[in-house]
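**Q** sequence unknown, structure follows:
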Ligand code: PLP
């Protein structure tokens, strides 16, 4: 089996697995204590969470603090809903549904345009009452890298806050400055079920859940030491390997582009995380390709979220027709993908497309 769906989720790093085990049942010197209990077992679990907090914080800009959540979706909800009421929330047209649907649900929402390459230009007009701007750092469908630093400056000039959804950037690229940043552990080789919201010092948020007042009163609920420790270990490995991971991804990208030269690329070639290859081929039946290439785990480019049934708003935003979107696939690769896997996947996908006569 060849796993090429790194934007959906990534394989767990062995270091993250190791860090988690001792907090599951108390063997191997860890414990099952509640990290919010004042006794010794509670304090041990708390200490593990604080170690992880420092590990995760090391990849954020200076001058902020972290709230752990159950997912990036929860972190995004907390950021958008908790950062105020009234005024317009301006969102790029290619945000994840967690941003688009949340901003759309709470009040006036302005869509920021992206160009044909999938980049959202900070020089475009904003409604005068904009209170929050949401532009992600790396897009999950086409991998395009947004001018996030410039968007932060734009937000400051407009007297608005800037939320950067860095789910697909954290651990891969240096993060841009922002007021609020969201991440998810399972996208950088950590476990599923834990995310975080980074909050710039001085930015005030209203809690969205009532309860025990954990995480400085911002996010009630008992934290899972195992999940948080796994996230911390994954962050530490990412920090250590960032340059090597990137060089590895560049080698795979070059090979994949060469081997799949007959396919058209969706989104910018250069302003892009090269672990994302969103390709299309005129007339391609993606369902048939998936059926014929069952050994390769990849995603239909037209599906904006697996199982959602919605067609991709991202491919529509960059100007593709519905038909072109339906002719598209997304390949995602990274740290644990080998060159042999890329070569084999390219062979299978090319053969599958050629068998369709496209
Ligand atoms: N934002 C982006 C860009 C994503 O790719 C995803 C997951 O696909 C999310 C947010 C939501 O993350 P989570 O699975 O942690 O809720």
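**A** Great, that's in hand. From a predicted model like this one, the values you see are computed outputs, not experimental measurements.
**Q** just give the nearest non-adjacent residue to residue 160, would you?
**A** With C-beta to C-beta, 6 or more residues apart in numbering as the measure, residue 130 is the residue that lies nearest to residue 160, at 4.8 Å, once sequence neighbours are left out. Every residue, glycine included, has its C-beta placed from N, CA and C.
**Q** any idea how far the ligand is from that neighbour?
**A** For residue 130, the distance to the ligand (C-beta to the nearest ligand atom, to the nearest Å) stands at 21 Å.
**Q** tell me who's in contact with that residue.
**A** For residue 130, the contact set (C-beta atoms under 8 Å, 6 or more residues apart in numbering) comprises 87, 88, 89, 90, 110, 158, 160.
**Q** surely the second one is in contact with residue 129?
**A** In other words, residue 88. Yes - look at residue 88 against residue 129 with C-beta atoms under 8 Å: they come within range, at 5.3 Å.
**Q** more neighbours: which of these two?
**A** residue 88 (19 against 13; other C-beta atoms under 10 Å).
**Q** residue contacts, that one?
**A** 107, 108, 109, 110, 127, 129, 130, 131.
**Q** what comes up buried for stretch 234-250?
**A** Residues of stretch 234-250 classed as buried: 234, 235, 236, 237, 238, 241, 245, 246, 248, 249 (neighbour count, 16 or more other C-beta atoms under 10 Å).
**Q** and those, which is closest to the ligand?
**A** Comparing the buried residues of stretch 234-250 against the ligand with C-beta to the nearest ligand atom picks out residue 234 as the nearest, at 13.2 Å.
**Q** part of a helix, is that closest one?
**A** Yes - with DSSP: H, G, I helix; E, B strand; the rest coil as the criterion, residue 234 is part of a helix.
**Q** which of the contacts of residue 130 fall within strands?
**A** 88, 89, 90, 110 (DSSP state E).
**Q** most neighbours of all those residues, which one?
**A** Highest count within these by other C-beta under 10 Å belongs to residue 90, 27 neighbours.
**Q** what bridges to that one?
**A** Assessed by DSSP bridges, residue 90 has beta-bridge partners residue 110, residue 133.
**Q** what average pLDDT does stretch 211-228 get?
**A** Average pLDDT, stretch 211-228: 97.
**Q** mind listing residues that contact that stretch?
**A** Contacts for stretch 211-228 (C-beta under 8 Å, 6+ apart): 20-21, 23-24, 30-31, 33-36, 45, 48-49, 52-53, 65, 67-70, 74, 78, 82, 185, 191, 193-194, 197, 199, 205, 207, 209-210.
**Q** in PyMOL, how would I select the buried members of the residues you listed?
**A** Only the buried members of these enter the following PyMOL selection, criterion being 16+ other C-beta under 10 Å:
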select buried, resi 20+23+24+30+31+33+35+36+45+48+49+52+53+65+67+68+69+70+74+78+82+185+191+193+194+197+199+205+207
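**Q** can you narrow the contacts of stretch 211-228 to ones near the ligand?
**A** On the criterion C-beta under 6 Å from any ligand atom, none of the entries of the contacts of stretch 211-228 sits beside the ligand.
**Q** now do the shared contacts for residue 88 and residue 129.
**A** Taking C-beta under 8 Å, 6+ apart as the criterion, residue 88 and residue 129 both touch residue 108.
**Q** list the buried ones in stretch 137-154?
**A** 137-149, 151-152, 154.
**Q** near the ligand, which residues of the stretch 51-200 of the chain? Just list them.
**A** Contact residues (C-beta under 6 Å from any ligand atom) of the stretch 51-200 of the chain with the ligand: 71, 72, 73, 96, 98, 136, 140, 165, 167, 168, 184, 195.
**Q** now these as JSON lines including pLDDT and secondary structure?
**A** Below are those laid out as JSON lines (pLDDT from 0 to 100; DSSP: H, G, I helix; E, B strand; the rest coil):
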{"residue": "71", "pLDDT": "98", "secondary structure": "coil"}
{"residue": "72", "pLDDT": "98", "secondary structure": "helix"}
{"residue": "73", "pLDDT": "98", "secondary structure": "helix"}
{"residue": "96", "pLDDT": "97", "secondary structure": "coil"}
{"residue": "98", "pLDDT": "97", "secondary structure": "helix"}
{"residue": "136", "pLDDT": "98", "secondary structure": "coil"}
{"residue": "140", "pLDDT": "97", "secondary structure": "coil"}
{"residue": "165", "pLDDT": "98", "secondary structure": "strand"}
{"residue": "167", "pLDDT": "98", "secondary structure": "coil"}
{"residue": "168", "pLDDT": "98", "secondary structure": "coil"}
{"residue": "184", "pLDDT": "98", "secondary structure": "strand"}
{"residue": "195", "pLDDT": "98", "secondary structure": "strand"}
